[in-house]
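Structural data only, the sequence is not supplied:
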């Protein structure tokens, strides 16, 4: 009887498990279908523009909807450059903050407070970042730009005249926006490193810095790479704050002090009133943005894979 | 998060279409289109429904392009557009189209130059500024018309609209009319590729850019500039006079418009006359020639009739130009074509 009872419970449990399995299956399939659906609904309207402009869409620097000329090169460069600069600033900063918060330099309570404040940065809506950028970063960059463009104006990236609303302004604010993502995920990766690793490192006579740079950071590398991918994705897709700060020019320029444009900003600006082939070209631009993010994710995955292999020995 | 970037746009389109789905009750009117005249249309609706409480009218300022789009798809009872409708756009509407110039506005050049509050710009000067050929405020072409003013030696920062807009359409149409070079290099349209400067979203975005940058100049709606007490330049018109944008100088411009009798679509792109302000335009209501629902058609006609007659007196307060009498007469005649 006892056996029968337990058998009954098991049967019951199994039926429950099946339902759970179905639900999780459905959820994952729904997510995949939604993604395919979204890409399809961008691809189909983009087809006329793809047929008309083909690959020159990515190499042509002139976007002139009036004359039905659609070249997305300035925006591709704008998106890539702003995201890269943002990452170059936010990645070292974020990893250092994560290290600081995962070591015992400060009492735990203080560390918790700092962590909380940094993660709160992620909760600020992007329009607020935009407004803050207009009030603080724009005048700052304009000032800085004048000092940069006078002595270094011969370099294409610092060519004057210096504008307040520029690629540099957008990049700086983006750096701040992706900082919490990098910090939070890197910190997580650092605190989950088994204690034995650190103790082992000390035991063989390594100093704290040697432990951090030779043991802890390599071990946490997969997590840090994941953080970088997420941050890069966010920086490339950011629309509102960038559109408010970058100056929205359609001209191709290498100067960081000149106004620029990004793919997301282009879509936000032109989509509401676009007609005919312009809609199609904007869909093509959207597709380019999706492909760009996909490319970043795939590169990230590859790096992650290598990092995991390289540190497999330590773990 | 990473891959869903364009999704809000698709969602936005769907939502807009759902919201403007035609109401089947005869006493409901849906309208959609240009954002520029939206405050005036909302006022008309508020005033008109006070005396006609059983009628519900809903106007959404979703942009001229989107307005034409929804009108073409029969999703609304009336549309609105700052750029009227092109022939090929009219051709696809099977029920026929009646264009009604419903109100009008001027476009002014707002600038920020400390110590300069009465800037005069010649036709050549403001065209060359927007072409990027004049780059500093102490350029001889600007000094020539402002010899009593100390103009600073600072760069000119040209501010334009980043979103597509009827304002850009009218301004570039004017510049193309007066300068073959502009027509050739930039052209006219709701979004153009400006050879120089910054761009911001909406009248407020452009204004924010101008306020932040010493030496900035940009184009905004006259009503918007007036309500926000912005400094704008006096411009030279076709006959060589320097004219400040006012209601009177704007109406003088509108009065020069030559309409054909069967299609009320024309722009005073470069008005003749001594007292005309150079850049002013109408904005249009788009009506169908035939309404299948009789009550709906009647309601639209009555409402538009109200706007064209009594509604005009609200225009000036809100920063619009009241229509000249001749235009109202032509409008009322055109309204009779609606069945």
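Thanks, I have it. All figures in this text were calculated on a predicted structure; none of them were measured in a lab.

shaky segments in the chain?
No chain specified, so I'll use chain A. For chain A, the stretches with pLDDT under 70 are A:1-17, A:312-315.

Chain B, not that one
For chain B, the ranges with pLDDT under 70 are B:1-26.

For chain A, see how far away residue B:118 is.
According to CB to the nearest CB, to the nearest Å, residue B:118 stands 26 Å off from chain A. Every C-beta, even on glycine, is put in place using the N, C-alpha and C of the backbone.

measure that residue to residue B:226 for me?
Residue B:118 is 16 Å from residue B:226, where distance means CB to CB, to the nearest Å.

Kindly report the same for residue B:78.
Counting by CB to CB, the gap from residue B:78 to residue B:226 is 28 Å.

Compare neighbour counts for those two and give me the winner.
residue B:78 (27 against 17; other CB atoms under 10 Å in any protein chain shown).

which residue packs closest to that one, ignoring adjacent ones?
Of all residues not flanking residue B:78 in the chain, residue B:31 sits nearest, at 4.6 Å (CB to CB, 6 or more residues apart in numbering or on different chains).

Wait, a strand at that neighbour?
Yes - if the criterion is DSSP: H, G, I helix; E, B strand; the rest coil, then residue B:31 is within a strand.

Buried residues, the helix or strand containing residue B:88. List them.
Here residue B:88, judged by DSSP states H and E, is contained in helix B:87-91. Neighbour-count burial for helix B:87-91, counted by 16 or more other CB atoms under 10 Å in any protein chain shown, picks out B:89, B:90.

mind checking how far the next helix or strand after that helix is from the chain centre?
Downstream of helix B:87-91, the next assigned helix or strand under DSSP H and E is strand B:97-112. With CA atoms, centre = their mean, to the nearest Å as the basis, strand B:97-112 stands 4 Å off its chain's centre.

Can you spell out which helices and strands pack onto strand B:97-112?
The helices and strands touching strand B:97-112, judged by 3 or more CB pairs under 8 Å, 6 or more residues apart in numbering or on different chains; DSSP states H and E, are helix B:166-178, helix B:202-212, strand B:216-221, helix B:222-227, helix B:247-255, strand B:280-288, helix B:294-308, helix B:325-335.

any chance of those in TSV, plus distance to chain A?
Below are the helices and strands packed on strand B:97-112 laid out as TSV (distance: least, CB to the nearest CB, whole Å):
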stretch	distance to chain A
helix B:166-178	9
helix B:202-212	6
strand B:216-221	10
helix B:222-227	18
helix B:247-255	24
strand B:280-288	14
helix B:294-308	24
helix B:325-335	25
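
Check these for me and report the most buried one.
For these, the largest average neighbour count (mean count of other CB atoms under 10 Å in any protein chain shown) is found in strand B:280-288, namely a mean of 27.

roughly how far is it from the heart of the chain?
So, by CA atoms, centre = their mean, the centroid of strand B:280-288 is 9 Å from its chain's centroid.

the helices in the stretch 101-250 of chain A, which residues?
Taking DSSP state H, counting those that start in this stretch, the helices of the stretch 101-250 of chain A run over residues A:108-120, A:126-132, A:138-152, A:167-191, A:195-203, A:208-210, A:217-237, A:240-245.

give me every residue that touches the residue nearest to residue B:78.
Applying CB atoms under 8 Å, 6 or more residues apart in numbering or on different chains to residue B:31 gives the contacts B:41, B:57, B:58, B:59, B:60, B:76, B:77, B:78, B:79, B:80, B:285.

Just the element for residue A:21, please.
Short version, using DSSP H and E: residue A:21 is in helix A:2-53.

Now tabulate the helices and strands packed on strand B:97-112 in CSV and tack on distance to residue A:297.
Output for those, formatted as CSV (distance: least, CB to CB, whole Å):
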stretch, distance to residue A:297
helix B:166-178, 37
helix B:202-212, 33
strand B:216-221, 40
helix B:222-227, 43
helix B:247-255, 54
strand B:280-288, 45
helix B:294-308, 51
helix B:325-335, 57
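
quick one: which of these is nearest residue A:289?
Of all those, helix B:202-212 sits nearest to residue A:289, with 22.1 Å by CB to CB.

Between strand B:97-112 and the closest one, find me the angle.
10 degrees (axes from the mean of the first three to the mean of the last three CA atoms, to 10 degrees).

Contacts made by helix B:202-212 with the rest, please.
Here helix B:202-212 has contacts from A:134, A:138-139, A:164-165, A:244, B:110-112, B:157, B:159-163, B:165, B:167, B:198-200, B:216-221, B:224, B:228, B:230, using CB under 8 Å, 6+ apart.

Buried subset of these, written for ChimeraX?
Remark: buried members of these, expressed as a ChimeraX selection using 16+ other CB under 10 Å:
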select /A:134,138,164,165,244 /B:110,111,112,157,159,160,161,162,163,165,167,198,199,200,216,217,218,219,220,221,224,230
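
I'd like the distance between residue A:194 and residue A:219.
From residue A:194 to residue A:219 the distance is 9 Å (CB to CB).

out of these two, which sits in the busier spot?
Higher neighbour count among residue A:194 and residue A:219: residue A:219, with 20 against 10, using other CB under 10 Å.

pretty sure the more buried one contacts residue A:308?
No - using CB atoms under 8 Å, residue A:219 makes no contact with residue A:308, being 10.4 Å away.

any bit of stretch A:270-287 sitting next to chain B?
Yes - Stretch A:270-287 lies within reach of chain B by CB under 8 Å from any CB of the partner chain, at A:270, A:271, A:272, A:273, A:274, A:275, A:283, A:286.

Helices - which of those residues land there?
Of the residues of stretch A:270-287 next to chain B, the ones assigned to helices by DSSP state H are A:270, A:283, A:286.

TSV for these, including neighbour count?
TSV is the format used below for these (neighbours: other CB atoms under 10 Å in any protein chain shown):
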residue	neighbour count
A:270	23
A:283	26
A:286	27
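
I'd like to check which residues are in contact with the nearest residue to residue B:256 once chain neighbours are set aside.
Distances taken as CB to CB, 6+ apart put residue B:271 closest to residue B:256, at 4.4 Å, once the chain neighbours are dropped. Neighbour list for residue B:271: B:237, B:238, B:252, B:253, B:256, B:277, B:278, B:280 [criterion: CB under 8 Å, 6+ apart].

Now do stretch B:177-197: distance from first to last residue.
The separation between the terminal residues of stretch B:177-197, taken as CA to CA, to the nearest Å, is 22 Å.

repeat for stretch B:231-247
Using CA to CA, the end-to-end distance of stretch B:231-247 comes to 16 Å.

How far does stretch A:280-294 sit from its chain's centre?
16 Å.
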